[in-house]
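A.B. asks: Sequence below, structure please.
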Amino acid sequence: MSGLRTYQSLRTLVTRLRDDLNNKELVLLYAYNRTGKTRLSMEFKDRGKRNNGGKPNTLYFNAYTEDLFTWENDLENDSVRGMKVNYLSKFFDGFTNLGLEPTINEYLNRYADFDFDFEYKEIQQQGESFSKPDFVSFSKEGRDNIKISRGEENVFIWCLFLAICERVLDDHESYRWVKYLYIDDPISSLDDNNAIAVACDLAKILRRAANRKDESDAPDPIKVVVSSHHSLFFNVMCNEIGRSKEGEPAVRHKRYFLHRPNSEGKYTLRATEDTPFFHHVATLAELQKAADSNIGILYTFHFNALRSIMEKTAAFFGHSDISFCLKALDDDENRALFNRALNLLSHGKYAIHEPTPMGEDNQNLFRLILNNFIARFQFDLPEILGESTTETTA
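C.D. replies: Model prediction:
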């Protein structure tokens, strides 16, 4: 596939991704928040069940995975705090006869500084008795049943998922049903340092998945889709997967920018194999469309987006301040005006869910800054919303 393709629904988009995985081991998707990544992951999972006689074949990590854990504050006694586990999910099947705790702890120690302890419960499933995790409590520095933050909860669940992935790649019987992994936004609550660490750890697992072999030494890869809105995470993944590793075959993969142009349900995919930073350029194209007085509407939060792109551009060239980007202007007075405007207008508390339109003066100033910035750095902006797209229904 080359250029830009448009898909009329999530179902047709899933068809595209699964077709890619027929001759690739991995698909990387970059998409903004609210594009529909979680719904896409569930449609991908559901397609797998339909293609597999109603039996699941996709192990996924997304917002639904996090919902398998519910925080309990023990309001009555205020003492036994922790997360209630929905043990009925197949997600926890491996706990019955696998010691996952050491692997979970190994990953958790890389990102956090608290400990955990599972409580198990005997349950009946399909006429058999199983021991499954029912509750998990946390401790730190000698204090038991501590309350951990939402971000720490997500980190713990992610580490548990990685431990399960290890058992999948070991071809353990409990997870032999897994033929696909779908991982959506695993680092939503992490800082940049941990985002890099998570991306590197995940890349190692995905290399194992791509190069897995069966007992007769024949290729038996686990196919994977990874989607994220986090630009740093996405770029580290692209770099880690794209690099050649001594003694390992290359991971055959596709990289895409996933976009939903409007609320009508259509989706676009653009291949970005040679341009992992494509999403920054795509954001500029979005801003250019919003700044077009004939078809777009400028909101106050667009100044935040423009400043973010300028900061990333300056960092790319080794500079620490957006003043580097403002050198596009020969007029010192305008350069100072632009700098003050970006500093002032990009730091307001603007609600994206209830956007405030810009005033006319600020619109004119925004267009002037944007156009000079694009012209100075000669960005080749994609037609992500244009009429040149090729319609795809398959």
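
A.B. asks: Relative to Y299, how far out is I369?
C.D. replies: From I369 across to Y299, the span is 15 Å (C-beta to C-beta, to the nearest Å). In short, each C-beta sits where N, CA and C put it, glycine included.

A.B. asks: more crowded one of those two?
C.D. replies: I369 (26 against 19; other C-beta atoms under 10 Å).

A.B. asks: Number of residues surrounding the closest residue in space to the more buried one that isn't next to it in sequence?
C.D. replies: The spatially closest residue to I369, leaving aside those adjacent along the chain, is F338, at 5.1 Å (C-beta to C-beta, 6 or more residues apart in numbering). Residue neighbour count, defined by other C-beta under 10 Å, stands at 24 for F338.

A.B. asks: Verify the stated contact: F338 with S323.
C.D. replies: No: with contacts defined as C-beta atoms under 8 Å, F338 does not count as touching S323, sitting 9.5 Å away.

A.B. asks: so when I look at V251, I'm seeing a strand, right?
C.D. replies: No: in this structure, V251 is coil, not part of a strand, as judged by DSSP: H, G, I helix; E, B strand; the rest coil.

A.B. asks: Give me the phi and psi for Q124.
C.D. replies: Here is the backbone geometry of Q124 (degrees, to the nearest 10): phi -110, psi 130.

A.B. asks: who's in contact with it?
C.D. replies: With contacts taken as C-beta atoms under 8 Å, 6 or more residues apart in numbering, Q124 has the following neighbours: F130.

A.B. asks: for L202, same thing?
C.D. replies: If a contact means C-beta under 8 Å, 6+ apart, then L202 has L162, I183, P186, V226, M237 as its contacts.

A.B. asks: Check the offset of whichever strand or helix holds it from the chain's centre.
C.D. replies: When secondary structure is defined using DSSP states H and E, the element that contains L202 is helix 192-210. For helix 192-210, the separation from the chain centroid amounts to 12 Å (computed by C-alpha atoms, centre = their mean, to the nearest Å).

A.B. asks: Return the set of buried residues in that helix.
C.D. replies: For helix 192-210, burial by neighbour count (16 or more other C-beta atoms under 10 Å) applies to 194-199, 201-203, 205-210.

A.B. asks: what's the closest of those to Y256?
C.D. replies: The shortest distance between Y256 and any of the buried residues of helix 192-210, using C-beta to C-beta, involves L206 and amounts to 16.0 Å.

A.B. asks: Would you state the helices of the protein in chain order?
C.D. replies: Chain-ordered helices for the chain, with DSSP state H as the definition, fall at 10-20, 37-51, 63-66, 101-111, 150-169, 192-210, 231-242, 278-291, 302-316, 332-345, 360-377.

A.B. asks: By mean pLDDT, show me the worst of these.
C.D. replies: Comparing mean pLDDT across the helices of the chain, the lowest value falls on helix 332-345: a mean of 70.

A.B. asks: residues contacting L17?
C.D. replies: Residues counted as contacts of L17 (C-beta under 8 Å, 6+ apart) are V27, F44, V225.

A.B. asks: What distance do you get for it to V27?
C.D. replies: Distance of L17 to V27, computed by C-beta to C-beta: 6 Å.

A.B. asks: what touches both of these two?
C.D. replies: Taking C-beta under 8 Å, 6+ apart as the contact criterion, the common neighbours of L17 and V27 are V225.
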